[in-house]
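Participant: Fold the following.
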Amino acid sequence: MKIEFMYSPAYDLMYHILAHMEINNASNLYSEEYINQINQAKAGQFADLTAELAPLTAYYNENFDRLAMINFLPFYCSDVNALIHTLMHFEGFTAENKESFILPLIEIMKAENIFYEPYRLRLHEQAASSRTTLEDYLSTELTKYSKLFAYWKKEHAIIGISYSMTCNGRGFGNPQAPSFSAIVPFTENKAHYKATFLQILHEYTHQFTDALLQQNIRMDDGSHFLSEQMVILFDYYLIKALQPEDVDAYFRWLSPEADAGGPIMTEDILFQIFGVPEHLNQMLTDLVNNICEVTL
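Facilitator: Okay, here's the model as predicted:
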C-alpha cells in the first residue's frame, strides 16, 4: 500500500476563506481563533476578510447543497490559478450561482492571495521537521488497516494536509478510484496525532458507508446525520476488530469536552446517540467481518 502526502496552496486558500465564513451546518470551519491569528499576521496592512465575505455567507448557507463543492474541487487543482479556472467552469453551479457567489468569491480569493500565498509558504517552510514526524506517524498507523485497503482494492492512500483547515476534515472519492483520499488539518502537537489519524480513517470510510445508504446525502433532510451515524459506528466496529487497543482513543476522539474534564464516550452511549436501524447495522457488522477475513 502506497501512502502519498499532499500539501496544496489551492485547498489551503479555500479553507482559509471558509474559516472566515460562519456556516450553519456540520461543514462549518469558522474559527475566531484562526481569524485573530490571521489578523495579527496582517498587522492592518490587508483587508478584513470576514467583512469582505459577509455578503456571500448568507447566499452560501441558502444554497449550500449546490455550492458545497467548493470544499472538494480544490483537491483536483495544482495551484490557485487552476482552482479559479475550475470554479468558473464547474457545470454543477448554475448561472445564478456563478453570478451571485462564485465570481465575487474568485475576486476576493485573488485579492486575499496577495497576503496568503507568502504567509502559507512561511508556514510550510517552518513546518518541515514537524511534517516529517507527522507523516511517519500517520504512515505507521495506516499500515495497521491494510486489510481495509485490500478489501476495497485500493492501491494507495492520499492524505492532504492543510495549514488552514480549522477542524474535522474532507473526504472524497468513488468506489472505482484506486485510492482513498482525504484532507485533514496539520498539527505539530504529538498529543493530537492519534486524533488526526482517526479523522483520516473517518473520512476514508465515509466513502463507502455513504454508498451503503444508496441516496443523495444532504444537510437539509437528515441524510447527512444518518451518514455520520453509519461511519461512526462502522469505524468503532472496525477499530474494535483490527486494533482494539485504539478503542479508548476513539471514544475520547468522539468526546469533544473530554479535555476540559467532560464526559467520555462509552459503548452504551455510542449506541444511544449513533444507533442505526437494524438492517443498516447488520450491513456494517457484515462488512467488518468480511474485511477481517481478508488475507494479506
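Participant: If you count neighbours, what's buried in stretch 178-196?
Facilitator: Counting neighbours by 16 or more other C-beta atoms under 10 Å, one finds that the buried residues in stretch 178-196 are Ser179, Phe180, Ser181, Ala182, Ile183, Val184, Pro185, Phe186, Tyr193, Lys194, Ala195, Thr196. From N, CA and C alone the C-beta is placed, and that goes for glycine too.
Participant: Spit out the contact partners of the third one.
Facilitator: Right, the one you point to is Ser181. The contact partners of Ser181, by C-beta atoms under 8 Å, 6 or more residues apart in numbering, come to Phe75, Ala157, Ile158, Gly160, Gly171, Phe172, Gly173.
Participant: Excluding residues flanking it in the chain, which one is nearest the fourth one?
Facilitator: Nearest-residue entry for Gly160: Ile183, 3.5 Å, with adjacent residues in sequence omitted and distances by C-beta to C-beta, 6 or more residues apart in numbering.
Participant: same thing with the second one?
Facilitator: Among residues not flanking Ala157 along the chain, Ile3 sits closest, at 4.9 Å (C-beta to C-beta, 6+ apart).
Participant: quick one, strands of the stretch 101-250 of the chain?
Facilitator: 156-162, 170-172, 179-185 (DSSP state E, counting those that start in this stretch).
Participant: looking at the ones you listed, which has the lowest confidence?
Facilitator: Averaging pLDDT over each of the strands of the stretch 101-250 of the chain singles out strand 170-172 as the lowest, with a mean of 89.
Participant: Give me the helices and strands touching it, please.
Facilitator: In this structure, strand 170-172 packs against strand 179-185, helix 193-213, with contacts taken as 3 or more C-beta pairs under 8 Å, 6 or more residues apart in numbering; DSSP states H and E.
Participant: could you dump these to JSON lines with distance to Ile273?
Facilitator: What follows is the helices and strands packed on strand 170-172, written out as JSON lines (distance: least, C-beta to C-beta, whole Å):
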{"stretch": "strand 179-185", "distance to Ile273": "23"}
{"stretch": "helix 193-213", "distance to Ile273": "15"}
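Participant: hey, least reliable of the ones you listed by pLDDT?
Facilitator: Between the helices and strands packed on strand 170-172, the lowest average pLDDT goes to helix 193-213, which shows a mean of 91.
Participant: pLDDT below threshold where in the stretch 151-296 of the chain?
Facilitator: Scanning the stretch 151-296 of the chain with the threshold set as pLDDT under 70 gives 175, 214-224, 260.
Participant: For it, just list every one of the helices.
Facilitator: 193-213, 223-242, 247-253, 267-274, 278-292 (DSSP state H, counting those that start in this stretch).
Participant: Centroid-nearest residue for the protein?
Facilitator: In the chain, the residue lying closest to the centroid (C-alpha atoms, centre = their mean) is Gly169, at 1.6 Å.
Participant: so what's it up against?
Facilitator: Contacts for Gly169 (C-beta under 8 Å, 6+ apart) come out as Ala182, Ile183, Val184, Pro185, Gln199, Ile200, His202, Glu203.
Participant: Now do the same contact list for the residue lying closest to it once chain neighbours are set aside.
Facilitator: Setting aside the residues directly before and after it, Gly169 is nearest to Val184 in space (C-beta to C-beta, 6+ apart), at 4.2 Å. Contacts here follow C-beta under 8 Å, 6+ apart; on that basis Val184 touches Ile159, Gly160, Ile161, Ser162, Met165, Gly169, Thr196, Gln199, Ile200, Glu203.
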